[in-house]
Each structure stands twice: as C-alpha cells, then as structure tokens.
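**Student:** Pasted the sequence and its predicted model underneath.
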Amino acid sequence: MSRIPPVLRPEHPAPRPLVDLLATVPAAVHGALDDIAVTGVTLSTADLHPGDLFVGVRGEHRHGAEFAADAVAKGAVAVMTDAAGLAAAQSAGVPVLVVENPRGVLGAVSAWVYRTLEERPLLFGVTGTNGKTSTAYLLDQMLRQLGMVAGLSSTAERRIADERVVSRLTTPEATEMHALLARMREAGVQAVAVEVSAQALSRHRVDGIPFDAVGFTNLTHDHLDDYADMEEYYRAKLPLFFPEHGRRGVVSLDSEYGPRVMADARIPVVSITSRPEVEADWRVTVTHEDPFRTDFTLSGPDGVELRSSIPIIGHHMAANAGLAIVLLLEAGVPLDQVRDAVHERPIAAYLPGRTERVSGDRGPSVFVDFGHSPDAFENTLAAVRRLTTGRTIMVFGADGDRDTTKRHDMARVAAEGCDILVITDHHPRFEDPASIRATLLEGAALATNTPEIHEVSPPEQAIRVAVNLAREGDSILWAGPGHQDYRDIRGVRTPYSARDEARAALREAGW
Ligand SMILES: CC(=O)N[C@H]1[C@@H](OP(=O)(O)OP(=O)(O)OC[C@H]2O[C@@H](n3ccc(=O)[nH]c3=O)[C@H](O)[C@@H]2O)O[C@H](CO)[C@@H](O)[C@@H]1O[C@H](C)C(=O)N[C@@H](C)C(=O)N[C@H](CCC(=O)O)C(=O)O
Ligand SMILES: Nc1ncnc2c1ncn2[C@@H]1O[C@H](COP(=O)(O)OP(=O)(O)OP(=O)(O)O)[C@@H](O)[C@H]1O
C-alpha cells in the first residue's frame with residue numbers, strides 16, 4: 001500500500017508569462033515562448049499539474065528530462081533542463097529552456113512562479129542533527145500564543161494555520177517549498193517555522209527563501225551515508241548562516257560544533273547554551289522537571305529573564321524552547337510581546353512522537369520517541385532516567401539502508417543508559433533485519449555496563465516483552481518510530497503506529 005503524502009500547492013495560482021522568467025533566470029530558449037503562461041513548477045511527473053513548467057534534473061538514478069514526454073502528456077507547458085537533457089526534452093514537443101544547473105536555479109524559478117518574495121511572512125529556519133522538529137513545533141506554538149496565524153514545515157507535518165498534512169521529506173524540494181509558502185499566503189499565514197535538513201541545503205531546497213532568523217541546535221553523528229565525514233556534514237549545514245539564506249542567527253553551544261558555527265557564520269549571530277560550564281549570550285536553566293513538564297528560565301543580555309514551561313521531558317527540550325524564544329527576538333518580535341506570550345505561561349505545544357508519553361496514570365511510564373542517533377539516545381535516556389524511580393527499559397531498532405556507522409554507538413549508548421535493553425526491528429528497508437540486530441548486539445556488548453538484553457524481531461512483540469517486564473515505577477523508552485504511521489519493509493510502507501502498539505500493549509497487560 002502506498003502512503004506517499006501529497007504535495008501542497010496554492011489553490012489559485014496566477015499565471016505568469018514564461019518569457020518574463022528570463023529576466024530572473026537567463027536560459028537558452030529552444031522553441032517559441034509567446035503565449036506560454038505557467039501556473040506551477042515541478043521536478044516530478046508524479047506531482048505534475050496542467051500549466052506547470054517541468055524541470056528535468058539529473059537524479060541519482062535517472063535524468064528527469066527522460067520523463068519530459070510524460071510531463072507534457074500530463075499538461076506541462078514547457079520544460080527546463082540542462083544540456084544533457086535537451087534532446088530528450090525537445091522530443092516532448094514543447095519549448096525547452098536550457099540552463100547549466102537546473103537544480104541550482106530551482107529556488108529562483110519557484111520563487112518567481114509563485115511570487116514568494118513579493119509578500120512574505122516572517123520566516124524562521126532551524127537546522128542541526130537533533131531538535132529541528134521539536135524547535136520548529138515549539139516556535140509554531142509560540143507564534144500562535146503571540147496571536148499570529150502560523151505555518152510549519154517539519155519532518156512530521158506541514159501545517160497551514162489549522163490545516164495539517166503528513167510530510168514526506170523533512171524539507172521539501174524548492175518547488176514544493178515555494179508552493180507551500182504560496183498556499184500559506186492564501187491562508188493569511190503571518191509567520192512560518194521551517195525545519196532545514198543538511199540534505200536540503202546540499203540540494204538547494206531552501207534557495208530563494210530569505211529566513212529572518214535561523215537557528216542551530218547541534219551537530220553530532222548522523223547521515224554519514226549522505227556525507228563522507230563529519231566535516232562534510234558540517235559544511236553542508238553551515239550555509240544556512242550565510243546571507244543568501246538567513247538574516248540573523250541563534251547558535252546553541254551545547255554541541256562541540258556550536259562555537260565553529262559562531263566563528264564561520266557570515267551573518268550576525270548570538271549564542272545560547274543549557275550547559276552550566278559554557279559561556280553564552282543566552283542561558284537556559286531547568287528549574288523543575290516531572291514526567292509531564294519541564295520548567296525553565298531563559299536569561300540573557302541586559303538582565304532579561306523569562307520563565308516558562310514545556311509539556312515535554314528533557315533538558316534538551318528546554319534548550320530547544322530557549323532557542324525558539326531567542327529566534328523570535330532576533331527576528332524582531334518585540335520583547336514585550338514575547339514576554340506576554342511565554343513568560344509565566346506554558347508553551348502548550350504538542351510534539352507528536354518526541355518523547356511522547358503514551359501511558360496512563362497507573363503502571364510504567366511509556367515514551368515513544370523519534371530518536372535515531374547516539375546523541376538523541378543519550379539525551380532522551382538521561383531525561384527518562386532522571387524521572388524514573390524504578391528501572392529504565394529501552395526498546396529500539398536501527399534504520400535499514402541508512403548510515404550504518406552509527407549503529408554500534410547507538411546500541412552502546414542505549415545499553416549504558418538503561419537497565420533492560422530490547423533490541424528489535426525498525427524500518428529494515430532492503431536490509432536483512434537479523435543482520436541489523438546482530439550489529440546492534442555487537443554494539444551493546446561494547447558498553448561499560450551489562451544490562452539485561454533481549455532480542456525480539458517484530459517491534460509489536462518487542463514492546464509487549466518490554467511492558468511485561470515492567471513494573472510500577474519503571475519507564476520504557478521506545479526510540480525510533482516516533483510519529484510515523486508506517487514501517488518501510490522492502491520498499492513497501494506498511495501502516496503501523498508505535499504509539500497505538502504501545503497503548504495496546506499496556507491495555508493487554510492490564511495497566
Ligand atoms: C537521495 C535523494 O535525495 N533523492 C531525491 C532525488 O531522487 P533521485 O535523485 O533518486 O531521483 P531519480 O529517481 O534519479 O529521478 C530523477 C528525477 O526524475 C524525476 N522523475 C523520476 C521518475 C518519474 O517517473 N518521473 C520523474 O519526474 C524525479 O522526480 C527526479 O527529479 O530527487 C527526488 C525528487 O526530487 C527526491 O524526492 C529524492 O529524495 C529522497 C526521497 C530522499 O529520501 N532524500 C533524503 C536523502 C533526504 O533528503 N532526507 C532528508 C532527511 C533529513 C533528516 O533525516 O534530518 C530530508 O530533508 O528529508
Ligand atoms: N537539542 C537536542 N539535543 C539532543 N537531542 C535532541 C534535541 N532535541 C531533540 N532531541 C532528540 O532527538 C530526537 C529527534 O528529535 P527531533 O525530531 O526534534 O529532531 P530532528 O532534528 O527534527 O530529527 P530528524 O531530522 O531526524 O527529524 C528525539 O529523540 C529528541 O528527543
């Protein structure tokens with residue numbers, strides 16, 4: 001069963017004469033552009049609307065121009081491609097615009113098609129290995145508490161005011177990103193929080209989007225299937241802090257890459273930390289934590305002090321909330337307004353599948369989380385342990401066909417942070433799940449301690465094993481699936497909800 005979420009577009013796009021695009025994006029034109037007007041732009045035939053400009057880019061597997069005839073059959077009025085795609089594009093029978101690097105101009109083309117820059121909301125961008133989704137959701141909620149009509153683009157959802165759609169990529173392609181902003185404009189959205197992945201920066205997906213404030217959460221081991229090493233991964237993230245993407249930046253010093261971003265940024269930046277031993281412009285201090293909420297103080301320059309609360313566990317989540325508040329200030333939202341919205345007032349965000357508590361009043365606490373990196377495990381396990389009087393039980397499996405080099409560390413960190421470890425399957429994709437589990441068991445054996453370890457293949461069984469082992473006062477952290485509503489098994493997205501499975505397991509155990 002295919003569960004590919006839709007691409008959001010403006011409902012009333014105004015046609016633009018294609019010839020006018022040439023003033024913004026010079027191109028060699030093959031064919032006559034007279035009378036050709038475009039209402040949309042896409043690089044995928046799966047998302048083609050009549051009236052679109054189809055952009056044929058070279059992909060990892062195919063050249064998009066190979067699909068030009070298909071695009072025209074679906075209503076594309078012109079094709080843009082590179083020299084390598086020209087012949088295939090020309091055979092489709094519509095005018096062809098040739099540019100050197102179609103992906104490189106996609107942001108400019110999309111901004112032109114959808115007039116994104118003519119009337120734009122306040123724009124926030126958040127990057128980092130962990131915490132992008134959480135920070136974007138916290139920002140979205142703060143914008144709402146400020147009385148603004150808010151928009152959100154995250155791994156979990158795209159939100160346009162109160163309309164919600166499940167996301168496919170963390171950061172959509174530039175064509176989709178600009179279409180989303182145009183749809184938000186139609187809905188009167190005043191401010192948008194956008195999660196920006198490293199892959200998005202590498203692939204020009206946020207080109208043409210001038211963020212008013214950009215935030216950096218942290219950089220730790222992940223995505224070394226996409227990037228050769230941590231240095232390359234860092235270099236992919238950094239350009240968000242260049243003038244072509246952001247106006248002002250807020251940089252967390254909680255990971256070792258924070259000071260580097262401060263030094264290498266080419267826009268004005270301020271720093272923030274939640275670590276007592278680190279000096280920064282802004283500081284987050286946790287003042288109270290329980291299984292339902294974390295209270296914190298944000299203190300900054302000129303004696304500014306805000307006290308607020310989030311309905312999520314973890315010092316790292318308070319750090320994200322602090323980052324979100326400083327982003328608002330750096331974007332120019334007046335301090336008085338921010339104070340009214342969050343000071344002595346909870347930030348009432350619901351973060352789907354981010355250490356989300358799915359248990360009731362009795363029995364063990366069960367949290368379902370989206371963490372899939374050693375650093376995420378370390379932070380979420382620390383948060384769970386601090387709030388657990390009994391034993392901490394960790395359930396997780398690793399992604400198939402994704403960065404294999406982090407598996408040992410994930411399992412080692414998991415083992416070191418828990419009393420009972422249940423190693424299970426996640427999205428095997430095209431890998432053998434048994435071999436992924438074997439690697440995780442090797443990693444767990446590298447830990448400095450020796451928790452009780454269980455290997456249980458199907459995750460729905462693994463959570464039941466964990467719940468049956470648990471007693472009152474214990475906590476279970478199920479990391480990996482988070483908000484997701486499917487498992488990817490050999491390329492097929494099978495419907496699946498970890499949160500529902502966990503609730504069912506608790507019911508069956510009588511909790
Ligand atoms: C590895 C990667 O980035 N792949 C992206 C890429 O696919 P590709 O290069 O394999 O495309 P291809 O199959 O060679 O096809 C070439 C072109 O022909 C087009 N085509 C192809 C077939 C067809 O029938 N019709 C058609 O138009 C394709 O849309 C594409 O533009 O171009 C596609 C369309 O633009 C993207 O959807 C796809 O992202 C895939 C889904 C992906 O998973 N990307 C990952 C790496 C990603 O971006 N992840 C980050 C995660 C961040 C995080 O975890 O923090 C993200 O931001 O989501
Ligand atoms: N500031 C932080 N530092 C470390 N871990 C964090 C931080 N914020 C969130 N996490 C943990 O990282 C995991 C992913 O959180 P979140 O989805 O917010 O990050 P993300 O950057 O959006 O990740 P992804 O790109 O995979 O969607 C969760 O386990 C979460 O608890």
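**Tutor:** That came through, no problem. Ligands and ions are numbered 1, 2, ... in the order given.

**Student:** tell me the SS of the residue nearest to Pro374 when sequence neighbours are not counted?
**Tutor:** Leaving aside its chain neighbours, Pro374 sits nearest to Asp409 (4.1 Å; criterion: C-beta to C-beta, 6 or more residues apart in numbering). The C-beta positions use only the backbone N, C-alpha and C, and glycine is treated the same way. When classified by DSSP: H, G, I helix; E, B strand; the rest coil, Asp409 comes out as helix.

**Student:** Now for Asp409: which residues touch it?
**Tutor:** If you count contacts by C-beta atoms under 8 Å, 6 or more residues apart in numbering, Asp409 has them with His221, Pro374, Gly443.

**Student:** Export those as CSV, with columns for neighbour count, pLDDT and distance to ligand 1.
**Tutor:** What follows is these, written out as CSV (neighbours: other C-beta atoms under 10 Å; pLDDT from 0 to 100; distance: C-beta to the nearest ligand atom, whole Å):
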residue, neighbour count, pLDDT, distance to ligand 1
His221, 16, 87, 13
Pro374, 21, 94, 15
Gly443, 22, 96, 21
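
**Student:** Could you say which helix or strand holds Gly125?
**Tutor:** Under the criterion of DSSP states H and E, Gly125 resides in strand 122-127.

**Student:** Tell me how many other residues crowd Glu455.
**Tutor:** 16 (other C-beta atoms under 10 Å).

**Student:** residue contacts, it?
**Tutor:** Val422, Ile423, Thr424, Arg437, Leu441.

**Student:** Same check on Met148?
**Tutor:** Contacts of Met148 (C-beta under 8 Å, 6+ apart): Leu122, Gln190, Ala191.

**Student:** Most neighbours among these, please name it.
**Tutor:** In the contacts of Met148, the most neighbours by other C-beta under 10 Å go to Ala191, 24 neighbours.

**Student:** The helix or strand just after the strand holding Gly125 vs ligand 1: in contact?
**Tutor:** Later in the chain than strand 122-127, the nearest helix or strand by DSSP H and E is helix 132-145. No: using C-beta under 6 Å from any ligand atom, helix 132-145 never reaches ligand 1; the gap is at least 6.8 Å.

**Student:** ok, the spatially closest residue to Ala150 that is not a sequence neighbour - how many residues close by?
**Tutor:** Counting by C-beta to C-beta, 6+ apart, Ala150 lies nearest to Leu143, which is 3.9 Å off, once chain neighbours are set aside. Neighbourhood size, Leu143 [other C-beta under 10 Å]: 26.

**Student:** mind checking pLDDT for Leu143?
**Tutor:** With respect to pLDDT, Leu143 scores 98.

**Student:** right, and the helix or strand after the helix or strand harbouring Ser271?
**Tutor:** Element membership of Ser271, judged by DSSP H and E, is strand 269-273. Toward the C-terminus, strand 269-273 is succeeded by strand 282-290 as the next helix or strand (DSSP H and E).

**Student:** Looking at the stretch 1-150 of the chain, what residue ends up closest to ligand 1?
**Tutor:** Gly59 (2.2 Å; C-beta to the nearest ligand atom).

**Student:** scratch that, the stretch 251-400 of the chain
**Tutor:** His372 (8.2 Å).

**Student:** show me what contacts that residue?
**Tutor:** Asp222, Ala398, Asp399, Arg402, Met410, His426, Ala479, Gly480.

**Student:** Give the buried residues for the strand or helix carrying Ala88.
**Tutor:** Secondary structure from DSSP H and E places Ala88 in helix 86-90. Buried residues in helix 86-90, counted by 16 or more other C-beta atoms under 10 Å: Leu86, Ala88, Ala89, Gln90.

**Student:** nearest to Ala213, of those?
**Tutor:** Relative to Ala213, the closest of the buried residues of helix 86-90 is Ala89; by C-beta to C-beta it sits at 39.4 Å.

**Student:** still on that earlier bit, just the mean pLDDT for the helix holding Ala88, thanks.
**Tutor:** Helix 86-90 comes out at a mean pLDDT of 96.

**Student:** What mean pLDDT does the helix or strand following that helix get?
**Tutor:** Of the helices and strands lying after helix 86-90 in sequence (DSSP H and E), the nearest is strand 96-98. Mean pLDDT, computed over strand 96-98, is 98.

**Student:** and the gap between Ala193 and ligand 2?
**Tutor:** 12 Å (C-beta to the nearest ligand atom, to the nearest Å).

**Student:** which bits of the stretch 101-250 of the chain sit near ligand 2?
**Tutor:** Near ligand 2, when you scan the stretch 101-250 of the chain using C-beta under 6 Å from any ligand atom, you find Gly128, Asn130, Gly131, Lys132, Thr133, Ser134, Thr155, Thr170, Glu195, Ser197, Thr217, Asn218.

**Student:** Tell me the pLDDT of the closest residue to the first one other than its chain neighbours.
**Tutor:** Here the nearest residue to Gly128 in space, its sequence neighbours aside, is Thr217; by C-beta to C-beta, 6+ apart that works out to 3.0 Å. As summarised for this prediction, Thr217 has a pLDDT of 98.

**Student:** Hmm, Thr133 and Thr217 touching each other?
**Tutor:** No: using C-beta atoms under 8 Å, Thr217 makes no contact with Thr133, being 10.1 Å away.

**Student:** Could you pull out the helices in the stretch 351-500 of the chain for me?
**Tutor:** Using DSSP state H, counting those that start in this stretch, the helices found in the stretch 351-500 of the chain span residues 374-386, 407-417, 433-445, 459-469, 498-508.

**Student:** Which among these is found nearest to ligand 2?
**Tutor:** It is, among the helices of the stretch 351-500 of the chain and with distance given as C-beta to the nearest ligand atom, helix 374-386, at 3.3 Å.
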